[in-house]
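Peer 1: Could you look at this predicted model? Sequence included:
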Amino acid sequence: MARVADVVVVGCGAIGLPLAVALASRGARVTGFDIDAGKVRALRTGDAGMLDEGLAAALNAVLQSGALDFTDGLAASPTARAYIIAVPTPVDADGRFVDGPLRQAWASVSDVAGDRELVVVRSTTPVGTVRRLSAACDGRLAIAACPDRSISGRAFAEQFAVPHIVGGMDAAASQAARDLFAPLGDVRLVSTPEAAEATKLFANVWRDARFALANQLALYCEGAGLDFEEIRSAGADGFARFDLPRAGPVGGPCLIKDVYLLTRNAQTDLGLFEQARAFNRRLAEHVVRRVADEVALRPGPARVAVLGLAFKGSPPTLDQRGSLGLEIAEGLGRSLEVRGWDPAAEDRLAGDEAVAGASAIVLATDHPLLADPRRLDGCAEGAFVYDLCGILPDGAPTRSDLVVDRLGRGRR
């Protein structure tokens with residue numbers, strides 16, 4: 001196989017951009033290819049278009065050094081290249097894999113890639129997808145799966161911290177992919193692309209199931225007059241030999257869809273994971289009912305502020321895909337006046353306007369700015385505050401007239 005001199009990252013979004021910048025920062029010559037010409041123009045000016053720890057500074061550094069450039073057109077090259085496909089792999093409303101972006105990216109690469117050049121699928125795909133792509137090119141290309149496992153908001157830093165799982169179609173493809181990712185950190189080889197695909201999917205399905213268990217137990221505690229956080233902490237201290245995550249919203253563009261990517265065409269019953277996913281989605285319905293009931297007990301305008309519209313708050317992100325906060329706002333908005341605000345927007349005035357006069361406030365993410373009790377000052381007298389992530393510190397000074405509840409803390 002020819003020595004790889006250049007890398008082309010296909011798709012410059014939440015997955016592709018941090019990887020392209022990371023590779024360029026470690027000495028590779030990288031071209032980021034995206035069909036969105038407007039995005040390409042913005043990236044060339046150093047505008048990353050997302051909140052991600054360290055990404056903006058690193059992007060500008062590699063642009064200035066000439067190690068990274070962007071294009072909205074992909075052509076053949078006389079020099080050897082490796083191609084990394086990092087496009088979205090969404091599911092539709094029925095949980096079916098939408099493979100259009102992946103097929104389009106694959107067609108763009110296969111049209112220009114030379115014989116036995118390396119093509120790595122970084123996107124998360126159903127098990128068996130990479131092998132089917134390989135069959136379509138009759139072995140002409142060296143193909144491997146290396147699914148992304150980074151966290152939104154910290155994706156750039158995690159290119160160097162999280163191991164890269166590589167499974168090639170053959171030993172040569174595995175070795176080439178290993179060499180490509182080795183400058184970033186630990187690379188772990190598995191025997192096949194299917195093993196690499198499954199490793200990523202298993203990781204997110206496991207997380208979703210753990211969160212569902214925590215949320216189910218938290219709702220039990222609410223009904224039983226118990227405090228889930230008290231029990232979780234006691235049990236984690238060696239007594240019960242269990243380590244539950246914190247209860248709260250579960251969302252995002254990856255974790256939600258990966259359950260469906262794994263279970264849709266499974267050859268065995270994976271109903272447990274489907275039930276866990278369904279339960280995490282129903283958490284929004286619980287919050288809507290709880291808040292609506294509290295608002296009905298209070299005089300004045302039926303107004304609710306939902307604070308935290310991104311799918312998570314820590315690390316901060318602007319990404320609102322799969323946001324439980326948005327689902328809650330939509331559900332409450334069917335019968336109440338709802339004002340939403342996200343602290344990642346860094347517009348305090350808008351946050352104050354959302355809270356002003358509200359008879360209920362939902363703290364829907366764990367963004368650090370929501371931990372400040374002064375954020376609640378403008379709400380109505382006797383307002384109800386529902387803290388879904390336990391972001392308000394216990395004992396924090398809040399107005400004495402407010403009713404502050406935390407998800408999983410029942411009233412006796």
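Peer 2: Arrived safely.

Peer 1: What ranges in the stretch 251-400 of the chain fall below the confidence cut-off?
Peer 2: With pLDDT under 70 as the threshold, the stretch 251-400 of the chain has low-confidence stretches at 396-397.

Peer 1: what about 90?
Peer 2: Using pLDDT under 90 as the threshold, the predicted model of the stretch 251-400 of the chain has low-confidence ranges 253-256, 263-271, 299-301, 345-350, 393-400.

Peer 1: Tell me where it has strands.
Peer 2: Assignment of strands within the stretch 251-400 of the chain using DSSP state E, counting those that start in this stretch yields the ranges 303-307, 337-341, 360-363, 384-387.

Peer 1: In JSON lines: those strands, plus distance to I85 and mean neighbour count.
Peer 2: No exception for glycine: its C-beta is placed from N, CA and C like everyone else's. Formatted as JSON lines, the entries for the strands of the stretch 251-400 of the chain read as follows, by distance: least, Cβ to Cβ, whole Å; neighbours: other Cβ atoms under 10 Å:
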{"stretch": "strand 303-307", "distance to I85": "36", "mean neighbour count": "28"}
{"stretch": "strand 337-341", "distance to I85": "35", "mean neighbour count": "21"}
{"stretch": "strand 360-363", "distance to I85": "38", "mean neighbour count": "28"}
{"stretch": "strand 384-387", "distance to I85": "41", "mean neighbour count": "22"}
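
Peer 1: what pLDDT does M169 get?
Peer 2: As summarised for this prediction, M169 has a pLDDT of 97.

Peer 1: Quickly note the distance from it to S359.
Peer 2: When Cβ to Cβ, to the nearest Å is applied, the distance between M169 and S359 equals 60 Å.

Peer 1: More neighbours: the two, which one.
Peer 2: More neighbours sit around S359 than around the other of M169 and S359, counting by other Cβ atoms under 10 Å; the figures are 25 against 21.

Peer 1: Check the secondary structure at the nearest residue to G49 once chain neighbours are set aside for me.
Peer 2: In space, and not counting its chain neighbours, G49 is closest to A42: 6.0 Å by Cβ to Cβ, 6 or more residues apart in numbering. Classification of A42 using DSSP: H, G, I helix; E, B strand; the rest coil returns helix.

Peer 1: Which helix in this protein has the most residues?
Peer 2: helix 193-224 (DSSP state H).

Peer 1: List the buried residues of that helix.
Peer 2: By neighbour count with 16 or more other Cβ atoms under 10 Å, helix 193-224 contains the buried residues 193-194, 196-201, 203-205, 207-209, 211-215, 217-219, 221-222.

Peer 1: Tell me which residue lies nearest the centroid of the protein.
Peer 2: The structure's the chain has its C-alpha centroid closest to G252; by Cα atoms, centre = their mean the separation is 4.3 Å.

Peer 1: dump the residue contacts of that residue.
Peer 2: G252 makes contact with 152, 311-312, 319, 321-322 under the criterion Cβ atoms under 8 Å, 6 or more residues apart in numbering.

Peer 1: where's it relative to G153, distance?
Peer 2: 10 Å.

Peer 1: G248 now?
Peer 2: With the distance defined as Cβ to Cβ, G248 ends up 16 Å from G153.

Peer 1: got it, and T365?
Peer 2: As for T365, its distance to G153 is 11 Å (criterion: Cβ to Cβ).

Peer 1: can you check A135 too?
Peer 2: Applying Cβ to Cβ to A135 and G153 gives a distance of 37 Å.

Peer 1: Which residue of those two possesses the greater neighbour count?
Peer 2: Comparing A135 with G153 by other Cβ under 10 Å, the one with more neighbours is G153, at 24 against 11.

Peer 1: The residue nearest to that one when sequence neighbours are not counted: what's it in contact with?
Peer 2: Nearest in space to G153, with sequence neighbours left out and distances taken as Cβ to Cβ, 6+ apart, is P315 at 3.2 Å. Each residue near P315 by Cβ under 8 Å, 6+ apart is listed here: 51, 53, 151-154.

Peer 1: Tell me the one of the residues you listed nearest F33?
Peer 2: Nearest to F33 among those is S152, at 21.8 Å by Cβ to Cβ.

Peer 1: so that closest one makes contact with R321?
Peer 2: No - shown here, S152 and R321 do not form a contact pair, counting by Cβ atoms under 8 Å, at 9.4 Å.

Peer 1: Show me whatever sits in contact with both of those two.
Peer 2: Here S152 and R321 have 252-253, 311 as joint contacts, going by Cβ under 8 Å, 6+ apart.

Peer 1: Touching, R210 and A247? I think so.
Peer 2: No - distance between R210 and A247: 10.9 Å, which falls outside the contact criterion (Cβ under 8 Å).

Peer 1: distance of the residue lying farthest from the centre of the chain from A380?
Peer 2: The outermost residue of the chain, judged against the average C-alpha position, is P299 (39.0 Å), by Cα atoms, centre = their mean. With distances taken as Cβ to Cβ, P299 is found 9 Å from A380.

Peer 1: go on, D387?
Peer 2: D387 sits 17 Å away from A380, taking Cβ to Cβ as the criterion.

Peer 1: do Q64 as well
Peer 2: With distances defined as Cβ to Cβ, the gap from Q64 to A380 amounts to 52 Å.

Peer 1: One more: A48?
Peer 2: Shown here: A48 relative to A380, a distance of 39 Å by Cβ to Cβ.

Peer 1: what's the closest non-adjacent residue to R339?
Peer 2: Of all residues not flanking R339 in the chain, A354 sits nearest, at 4.0 Å (Cβ to Cβ, 6+ apart).
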